[in-house]
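A.B. asks: how does the following fold in three dimensions:
(5 chains, ligands or ions: 4)
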Amino acid sequence: DEGVVTLYSADGLHDGDPSWYGDQFAAFTEKTGIKIQFVEAGSSGVVDRLAKEKSNTQADVLVTLPPFMQKAAADGLLAAYTPDGADKIDARDKDADGRYYAMVNNYPNFIYNTEVLKEAPATYEDLLDPKFKQKLQYSTPGQAGDGTAMMLQAFHAFGSKEKGLDFLKKLQANNLGPSASTGKLTALVNKGELYVANGDMQMNTAQSTDNPNIKIFFPAGPDGKKTAFALPYYIALVNGGPNTENGKKLVDFLLSADAQKDISSVAKGFPVRTDVKPDDDNFKNLNAMLEGVEIWSPDWAKVLDSLKDDVAAYNQAISGN
Amino acid sequence: MAEAAIAAAPAPRLRVDSLWIAPPLLILAVLFFYPLGLIVRASFGEDAPSLATFEQVLMSSRFLDGLYHTIVIAVSATAGCLVLGFILSLIIAFVPFPGAKMAGRLIDTVIALPTFLVTLAFTFIYGSAGLLNETLMHVFSLDLPPIDFLYSQWGVILAEMTVYTPFIMRPLLATFSTIDQAQIEVASSLGARPLRIVRQIILPASLPALVAGGSLCLLLTVNEFGIVLFIGAKDVITLPLLIYSKAIQEFDYTTACVIAVVNVVLSLGLYSLYRLAIAHFGGRRAGLV
Amino acid sequence: MERTPHIAKPFVASAAPAASDGSRIGFENVSVTYGALTVLHSFTLTVNPGEIVALIGPSGSGKTTALRAVAGFVRPSGGRILIGDRDVTHLAPYDRKIGMVVQNYALFPHMRVEENVAFGLRAHGAAEDVIKKRVPECLAMVGMSTYAKRYPRELSGGQQQRVAIARALAPKPQVLLLDEPLSALDAQIRRSMLDELAKLHRDLPNLTVLYVTHDQSEALTLANHIGIMRDGKLKAFGGSQSLFRHPPNRFAAEFLGRANLLPVTDVQPLDEQMAKVRFGDVTLSARNHHGLARGSDCLVCVRPHDFRFSRASEPNSISGTVLSVQWQGDVHNITFDAGGETVRMTSAPMANPPRIGEIIAVHFDAAEVTLVPEDASHG
Amino acid sequence: MERTPHIAKPFVASAAPAASDGSRIGFENVSVTYGALTVLHSFTLTVNPGEIVALIGPSGSGKTTALRAVAGFVRPSGGRILIGDRDVTHLAPYDRKIGMVVQNYALFPHMRVEENVAFGLRAHGAAEDVIKKRVPECLAMVGMSTYAKRYPRELSGGQQQRVAIARALAPKPQVLLLDEPLSALDAQIRRSMLDELAKLHRDLPNLTVLYVTHDQSEALTLANHIGIMRDGKLKAFGGSQSLFRHPPNRFAAEFLGRANLLPVTDVQPLDEQMAKVRFGDVTLSARNHHGLARGSDCLVCVRPHDFRFSRASEPNSISGTVLSVQWQGDVHNITFDAGGETVRMTSAPMANPPRIGEIIAVHFDAAEVTLVPEDASHG
Amino acid sequence: MLVWSKPWRIATWAVAVPLFLIIYGLPIGVIVLASFSGQWNDILPSNMTLVHYSKAFRSDSFDALKASLLTGVIASGAALVCGTWAALALRNFKTMPKRVLDLLFFIPSAVPSVSVGLALLVAFSQPPFLLNGTTWIVLIAHFVLISAFTYGNVTAGLARIPVDCEQVAESLGARPFYRLRRVTLPLLLPYLVAAFSLSFALSMGELGATVMIYPPGWVTLPVRIFALSDRGAIFDAATMATILGVGTLIVLAILSKVSNRAAVR
Ligand SMILES: Nc1ncnc2c1ncn2[C@@H]1O[C@H](COP(=O)(O)OP(=O)(O)OP(=O)(O)O)[C@@H](O)[C@H]1O
Ligand SMILES: Nc1ncnc2c1ncn2[C@@H]1O[C@H](COP(=O)(O)OP(=O)(O)OP(=O)(O)O)[C@@H](O)[C@H]1O
Ligand SMILES: [Mg+2]
Ligand SMILES: [Mg+2]
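C.D. replies: Ligands and ions are numbered 1, 2, ... in the order given. Just a heads-up that it's a prediction; the model follows:
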């Protein structure tokens, strides 16, 4: 199996036609002659699978979201590696020990149906309005990555876990029900089945051609500030993969300036290299949406530590009604 | 001498014949019971075996909630499947209408659709902005969607019924094709109307199929995961869903294994109860159970 | 009305008060097809109320099919079926108020014997105490009382058949359709069942029975009329005695009672009743029941038991060479060759039966034999 | 060896060269139980190679069970079953090299008629051209050639039975077990099937047949020996003629040939053969075949056809009042009361049968009737 | 024939057909309709289009269909053999051992697919059986998940085939294997077809375990459909689902031809 490399990736970058992965894989194979074997699953699913396969590792490269990449690193599933151009990536976008690097940047957000709502709900409090009863849904923390992100965002916006949970508890009155998938909510919002749902910028932007009725927004917290945090796709070299050398080549390739410059136009996300400054419309559009939004950085190690308890607390909170 | 031969001879014959069970049992042992064993072992914790996790899980209200919903959904869905499947198969087999065969096959195809797609289709049909509600709201000029059961337990049950009814129908149709027509004829000449014939002739004859289909249905609905996950019914959590979120989302493999073990025990418990019930209602008479 | 203790009043309440002819069975030009195959051709037959009619005929001649048409199990492709004055052609079986025993019994395998017998009563909504009384009655009638708790699979063939009969009789139908109901029974039980049927018939004078059998003595014992079928058609029909004595055609003569049919020529009617004919170079006399014309050719129908050993000089005497002699308990069967025809005769058991090859002379009573027209129906 | 064209050499190669007694059937104290119920009690019987033995007996007496034990469908709970010299008690049915026709035919529903018949040949690994030849032969034998392509469900009852017979005969078994194989057939086909069986037996002199029937004339026609069963026991066994003429006990006399058993007293042997007895106040003479002791009480066995009308003064004459007269085609059945006993007689059809209530006198030939010991077996 | 009169028969249909249409016609119809939709924001979809199909045919969906079909056929076939074998072998047992063994063969369907997936992944990623990352593990998972169905169906069928036929076959010299092939199995055929159809359809739709263990290069249709629908591309997902349904329907139609020939009525 000289000419292959296996990539386990959280879903999202293979979407659409053309897709960023599709393009880059073709280019990589053309350049190196190495074929890419690709397995896609949920952001936690890929890490879980990697862990279960530890004694017979199949993957060479892992792509997933926080906090699951941090989890993989903590479990010793990743190998430290310094790819070409690692210096062009901001410190906050890479692991201090060099085990993982951000590859595509992204931010969790909300969407609303532009047909039904004249304008986006301005604040989190607005979402508690009875008119959203059964018309609002967000993916469930603990079941979907974006759902967990939404919980973290609530904690941050309301200043503490208690207040954040309190808000979610109130929001439960309007919530249609749990959802393991964030992506499917977009279609429901577009159709008018829902008025508001959560999402992330990369995905929602990619979906907007097929779902013309949706629009991204960031509600303001009680302090009146709109905030968001970075939820990047990280890339990492797997510890003890069958084709580690090829894996290194793939990491290098996906972080190369050539690959990065297409991210905003094809994958609809943000490139992570400081030296890549795309000039396509989408890049401008994405940046415009983030205007006025304060970006904060979670402490992923802490998040990871308390995740189990937080999810339990969340479930406790919403089952109160 | 003769007695001795009689006493001794059947025994070896039986033992040799019994060996035929070995190959499938062996296959199942390697492919299934070995992995299952690992789960059971994992449920006792990673290092020193302990029942701590069991205690913790069994006490948690979330688990009890899940247990309750699992049972309610499985039992109602299975009952629904049995009734619906029996009625539909009866009609296809005994009152065939043009296209009945095709209908039967189409029903089978529903199994092949991944369960989440059925739920998606349900959203399009029964959702608040779905086919049915929109139409009703349009026709009766209503403001609020009148049909609102999809995101509840009932939505899950209806979806499971849709998906699993074929599991009842298939063996039933096979059985119906082997029922001696003369029995039905004689019964009707004795004055029995269709309903009585169904109750007293067809139903007893189809008991093995109902036992088989119903058992499978029950086990499937206890263990159904896709439909519950994708419908996202509010406040409805089931054990398989718990396993999923524990194992995959929270990386709590031990707890997941504990729930899995409980889930297996629950499945088999319900299964045995079902079998007992069938036996009570006459399966034993027909020499089935 | 006098009744034996175990024949209670029929509980089956007819919607209309049973007219005396409420139980007539009528076939009017009934045709039945299976796919492309027609197995009943324009079949017409009436069974009068209170009558027993036996249907006989070779295997595959359509007897079962005719019964199934009355029961409503097959839909005729043409013609009408009447029960009483009702056209039941399109009525469901359960509305026809019949009792039926089918050829392979079709007991309900999951019900005990007593439940099988009670089935018809329950279907008619009989009260539980009526059932409690009637079921043991019926089981006693067929000698199966001790088997009430068995399942059909635990019974012997004859026992199953008897349960099937009890099941059909239990609801006291006005119309009884029996398809070889005694075929699995030995002579003794068969006789006692025949007695029961005859008694039943005496007690329920309006009971109409259509009875398929392959046993001609059963047919002759029980039936008022006999219909002989062949290839889906009714070939002969008549009162049992007259059909046996004066078969209308060759097939009927051969099938019922296995008659010898000797080809004869030159019919010479003597009076209204009798005629002379020529068989080879002997002259025979016989009844001319069908009024055959002078000079025509025909067959003379002589039953095997009509022959007596005789001196060659007696009238109505023929002689021939013995071909076979077979002892059958209560009879000797003898075949001999008379002028190229193989003739069968039976006689009471003899101490010294004739030997094969011996030449014997036999005669018959002219009043006992009938002239039968030659027909093309038999190849 | 002479063969008719359609009886080819048996292709079934026996593992050991067939000894002349390779086809003997032996029951040695065979008991069979179903659950707690014993339906065959220490049953012992031998069918010699080349013999036809008929098993008769009331419904439920264990005839089918005995056959099933030979076939290997039930395991005896005690005793041994031999075929030839082999103890087959624990052998699987397929190793027993038998042919069997079961009571309900059990045709394979998923196979056409011809495939059903070919089944046994194929199972024995016969070559395709042998099968091509043999199957039509067998179908022709039972008159079912035109139905080769039908499925069993498309056949009438009698047609199914004939296919079952053809299927059993096709592989030319050495041992043939027939369970009421002709019960669904009319007299004509039944006779021709009996002829075929007799022919088959002539052509395959080693063919051993165990034949269950409820038709005594069938048994008497075909069988060398007859066994009479009752309640799972063999009550009588013997050559057909001798069993009929000299039944060893009351049950055998009544069951086979429906004999009249008149209770008589005071046996007075006349010579080796004959004895005088008293019946009421008349003296009768009869054969003392069982050597009954002087002065004992016993029964005199008179077949219904042994009676002749007589003047009252003739020897061996009794008189009585006519109770019933029944015409049955080739016979008249008459019952009369003689000194409190109901006596049955048959006679050739009469133009003027006696009327009910009339007093008749009948006599019988002393050489034809036998004294039978009184036994307790019949309630 | 059960309902003898025409009016009643029509009445029965009048109940059955709508029931059927509501329960099965609608969901299938909606999915098919969605596969042709550009947008579906009203009662009925708008912008009918074939673009999803052209997309589907351009992408590697045929590899996925092939993977699904192969997995379905192989796993169901293996399960059929194994289940039939077990059901037949179990006929030699009585009372207690029979009940215990019967239960053993049902247990696989007592485990949620997620647990099966996890268990297999754990078990077959460590010695002595290293199967993760191969197609085998998918086949095994499907086999395990459906084996109880074939077993259950065949057992039900065995309870109904007439003993007489088997006994007569034996008396005609059919040894066990020959009898099995020519009598028992043909009589079982309706049940075998039922079992195979069910497990095949089930395998075609299996997701819970597959998504956890599938190796690169063996992406089944449900996994692809899941990926699509999870990211909100429902029309594309519906298109793939329609392809999946049609593929299954074709296989089932062929099977029912077999079963029709076997049906004994
Ligand atoms: N499976 C069974 N379980 C219990 N009893 C049975 C079973 N099979 C047969 N019997 C009983 O065994 C007895 C003998 O049955 P068998 O079938 O041998 O009778 P048979 O002589 O063939 O009668 P027939 O002439 O009516 O066919 C009957 O009383 C019957 O009820
Ligand atoms: N389902 C069927 N399909 C085709 N042909 C059939 C079907 N049922 C019966 N037949 C044919 O119809 C003819 C008449 O059958 P029927 O059962 O009425 O005969 P039968 O007179 O009762 O004969 P038996 O005395 O043998 O029972 C037979 O030749 C038979 O082969
Ligand atoms: Mg018939
Ligand atoms: Mg019997």
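A.B. asks: just give me the neighbour total for the nearest residue to residue A:132 once chain neighbours are set aside.
C.D. replies: The shortest distance from residue A:132 to any non-neighbouring residue, by C-beta to C-beta, 6 or more residues apart in numbering or on different chains, is to residue A:174 (4.4 Å). Where C-beta positions appear, they are placed from N, C-alpha and C, glycine not excepted. By the measure other C-beta atoms under 10 Å in any protein chain shown, the count of residues near residue A:174 is 19.
A.B. asks: surely residue A:174 meets residue A:126?
C.D. replies: No: between residue A:174 and residue A:126 there is no contact under C-beta atoms under 8 Å: 10.9 Å.
A.B. asks: now the residue of the stretch 51-200 of chain A found nearest chain C, what's its secondary structure?
C.D. replies: Distances between the stretch 51-200 of chain A and chain C by C-beta to the nearest C-beta are smallest at residue A:177, namely 46.1 Å. Classification of residue A:177 using DSSP: H, G, I helix; E, B strand; the rest coil returns coil.
A.B. asks: for it, give me its contacts.
C.D. replies: With contacts defined as C-beta atoms under 8 Å, 6 or more residues apart in numbering or on different chains, residue A:177 is in contact with A:137, B:151, B:231-236.
A.B. asks: returning to that earlier point: now do the same contact list for the residue nearest to residue A:132.
C.D. replies: A:127-130, A:132-136.
A.B. asks: which helices and strands does the helix or strand hosting residue C:263 pack with?
C.D. replies: Under the criterion of DSSP states H and E, residue C:263 resides in strand C:260-269. Packing contacts for strand C:260-269, counted by 3 or more C-beta pairs under 8 Å, 6 or more residues apart in numbering or on different chains; DSSP states H and E, involve helix C:250-255, strand C:274-279, strand C:298-302, strand C:341-347, strand C:370-372.
A.B. asks: remind me what the longest helix along chain B packs against, helices and strands.
C.D. replies: Counting residues, the longest helix found in chain B (DSSP state H) is helix B:61-94. Secondary-structure packing of helix B:61-94 (3+ C-beta pairs under 8 Å, 6+ apart): helix B:100-112, helix B:153-176, helix B:207-222, helix B:239-244, helix B:253-278, helix E:6-20.
A.B. asks: the fourth one - what's its average pLDDT?
C.D. replies: Helix B:239-244 comes out with an average pLDDT of 84.
A.B. asks: helices - which of the contacts of residue A:177 land there?
C.D. replies: Using DSSP H, the contacts of residue A:177 in helices are residue B:231.
A.B. asks: closest one of the contacts of residue A:177 to residue C:243?
C.D. replies: Nearest to residue C:243 out of the contacts of residue A:177 is residue B:231 (C-beta to C-beta; 76.3 Å).
A.B. asks: hang on, isn't that closest one packed against residue B:153?
C.D. replies: No: the criterion here is C-beta under 8 Å, and residue B:231 misses it with residue B:153 at 9.8 Å.
A.B. asks: these two: which has the busier surroundings?
C.D. replies: Neighbour count, other C-beta under 10 Å: between residue B:231 and residue B:153, residue B:231 has more, with 28 against 19.
A.B. asks: how many residues are close by the nearest residue to that one once chain neighbours are set aside?
C.D. replies: Leaving aside its chain neighbours, residue B:231 sits nearest to residue B:119 (4.7 Å; criterion: C-beta to C-beta, 6+ apart). Here the number of neighbours of residue B:119 (other C-beta under 10 Å) works out to 26.
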